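Trainee: Dropping a prediction and its sequence here:
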Amino acid sequence: MTVFDLRHGLADDATDFLATVERVLGDICTPERTARWDREAEFPWEVYEQMVALGWLALPFGEEVGGTGAPLLWNLLLNEQLYRFGVAILDCVLPGTAVVSANGPDRARPFVEALIAGKARCCLAMSEPDAGSDVGSLRTQARATDGGFVVNGSKTYTSGAHVATHMLLFARTGDLSGPRVKELSCLLVPMDLPGIEVNPLDQLGHRAYHANEVALQDVEVPADALLGAPGDGWGIVKSLLNKERIMYAAGCIGTAIGALEEAGRYGMEREQSGRPVLGFQALQHMFSGAVAQTEAARALVLRSGEMADAGIQAAKYGAMAKLVASENAVAATRVAMQVCGGFGYMMEAEAQRFYRDAKLEEIAGGTSQMQLNLIGRMLGLPAT
């Protein structure tokens, strides 16, 4: 049974690209491997190395820095499929887009080329123990010195820090009692500097690219690590999150697709009272509704990508896409669990992994409540 026709409506080149991604990931991401990566919280190096070899890590970047200059659509399709196969690892290069925006192509090119070649990986170090959605409350401080900065503080929920060679670090470069966002700066910090300690966090889902705590004690960072100028951090955050929301939304679609495909297979194989369980109206209605809602959410995500490529209200449509796609992922995976019944609750089933992954997707990249706040502002509603 074919649950989704993911290629319908795509141009021929995008269709060919999607078919290649599906084939490659399908070959590498066997149920056994995916289960191991999840169980052991193990980075899927096999997938990463193949992405390097095929040039997929160049997709988020323009030709001026050695990238492909591909439209955002291709990035969305790739991230959708990575989540569909349980290997959400494109985030290990996406922070590099902020380096290009802040420093310009000439300065950024060496780092981007290292990302594309698999010689560098970058994590996003923003959240702290006492500051998440409220970026203005960050307390990590980068004190200016004659040779650069000395950084002290701690970060948490830093996905991929355990495999990163660099982190995109947001810190205060002014007095901690100063203006909340005007003192915020961004630095590209090598992870091997003395004073940096990474400790893994044991999380519920998306375990193959898990979160970490990062402690920074008297870390001496060179002056050229600063992106842009001191105080540019808030602008960098906003620009980065606009793209991240849409990319994350595409991943949420992949989670929903993967879960519903698994439920469709099981629901047609599992029989009760002489017929497949999806032959019972109650489950069939749940399943059909979840497929329809996922198709609608995917259409919004792809439309948001078109709007972002055209430079039209990227913040508003990105927030809408992230909100709808993440909440749909939770709803769709819940339906998948119900269709799979007792088997879906077993750790050997893929349905339970998708179910665990989906919950994070309502939280990471900006909670649903933060997306609603942003949408309200974009609509011109009174501040809450």
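Mentor: Nice, I can see it.

Trainee: Secondary structure element holding L187?
Mentor: Here L187 sits within strand 184-190, counting by DSSP states H and E.

Trainee: How far off centre is that strand?
Mentor: Relative to its chain's centre, strand 184-190 lies at 20 Å (C-alpha atoms, centre = their mean, to the nearest Å).

Trainee: I'd like the next helix or strand past it.
Mentor: Counting by DSSP H and E, what follows strand 184-190 is strand 196-200.

Trainee: on contacts alone, who are the packing partners of that following strand?
Mentor: If contacts are counted by 3 or more C-beta pairs under 8 Å, 6 or more residues apart in numbering; DSSP states H and E, strand 196-200 sits against strand 212-222. Every residue, glycine included, has its C-beta placed from N, CA and C.

Trainee: Work out the sheet partners of the strand it packs on and label each with its direction, please.
Mentor: strand 148-155 (antiparallel), strand 196-200 (antiparallel) (DSSP bridges).

Trainee: Ok, which of these comes nearest V47?
Mentor: For V47, the closest of the strands paired with strand 212-222 is strand 196-200, at 19.4 Å, according to C-beta to C-beta.

Trainee: how about the closest one: buried residues?
Mentor: For strand 196-200, the buried set under the neighbour-count rule, 16 or more other C-beta atoms under 10 Å, comprises I196, V198.

Trainee: List the contacts of that strand.
Mentor: With contact meaning C-beta atoms under 8 Å, 6 or more residues apart in numbering, strand 196-200 is reached by 41, 158, 161-162, 189, 191, 210-217, 219.

Trainee: ditto for stretch 32-45
Mentor: Residues beyond stretch 32-45 that count as contacts (C-beta under 8 Å, 6+ apart) turn out to be 28-29, 46, 85-87, 89, 162-163, 200, 202, 207-210, 347-348, 350, 353.

Trainee: which of those residues are buried?
Mentor: The neighbour count (16+ other C-beta under 10 Å) marks 28-29, 85-87, 89, 162-163, 207-210, 350, 353 as buried among these.

Trainee: closest to A171 among those residues?
Mentor: H162 (20.5 Å).

Trainee: Over to that closest one. Which of the three states is it?
Mentor: Under DSSP: H, G, I helix; E, B strand; the rest coil, the three-state class of H162 is coil.

Trainee: Could you check how far it is from E350?
Mentor: Distance, H162 to E350, by C-beta to C-beta, to the nearest Å: 24 Å.

Trainee: what do you get for P31?
Mentor: Using C-beta to C-beta, one gets 6 Å for the distance from P31 to E350.

Trainee: any low-confidence regions in the stretch 101-250 of the chain?
Mentor: 176-180 (pLDDT under 70).

Trainee: And for S273, the neighbour number?
Mentor: Neighbour count of S273, defined by other C-beta atoms under 10 Å: 7.

Trainee: how far away is it from T255?
Mentor: From S273 to T255 the distance is 31 Å (C-beta to C-beta).

Trainee: Then G366?
Mentor: 17 Å.

Trainee: who are the neighbours in contact with the closest residue to L226 other than its chain neighbours?
Mentor: Among residues not flanking L226 along the chain, L187 sits closest, at 5.5 Å (C-beta to C-beta, 6 or more residues apart in numbering). Each residue near L187 by C-beta under 8 Å, 6+ apart is listed here: A142, F149, V151, L168, L169, A171, V221, A225, L226, L227.

Trainee: if I look at L187, how far off is M167?
Mentor: From L187 across to M167, the span is 9 Å (C-beta to C-beta).

Trainee: Dump the strands paired with strand 212-222 into a markdown table; add distance to P110 as well.
Mentor: A markdown table is the format used below for those (distance: least, C-beta to C-beta, whole Å):
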| stretch | distance to P110 |
| --- | --- |
| strand 148-155 | 18 |
| strand 196-200 | 22 |
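
Trainee: and of those strands, who's closest to D5?
Mentor: Among those, strand 196-200 comes nearest to D5, with 39.1 Å by C-beta to C-beta.

Trainee: Can I get the closest one in PDB? Just the C-alpha atoms.
Mentor: The C-alpha coordinates for strand 196-200 follow below in PDB (Å, rounded to 0.1, in the frame of the first residue of the first chain):
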ATOM      1  CA  ILE A 196      35.500  23.400  27.200                       C
ATOM      2  CA  GLU A 197      33.800  20.300  28.700                       C
ATOM      3  CA  VAL A 198      30.900  18.400  26.900                       C
ATOM      4  CA  ASN A 199      28.600  16.100  28.800                       C
ATOM      5  CA  PRO A 200      25.900  14.100  27.000                       C
END
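
Trainee: That'll do, ta.
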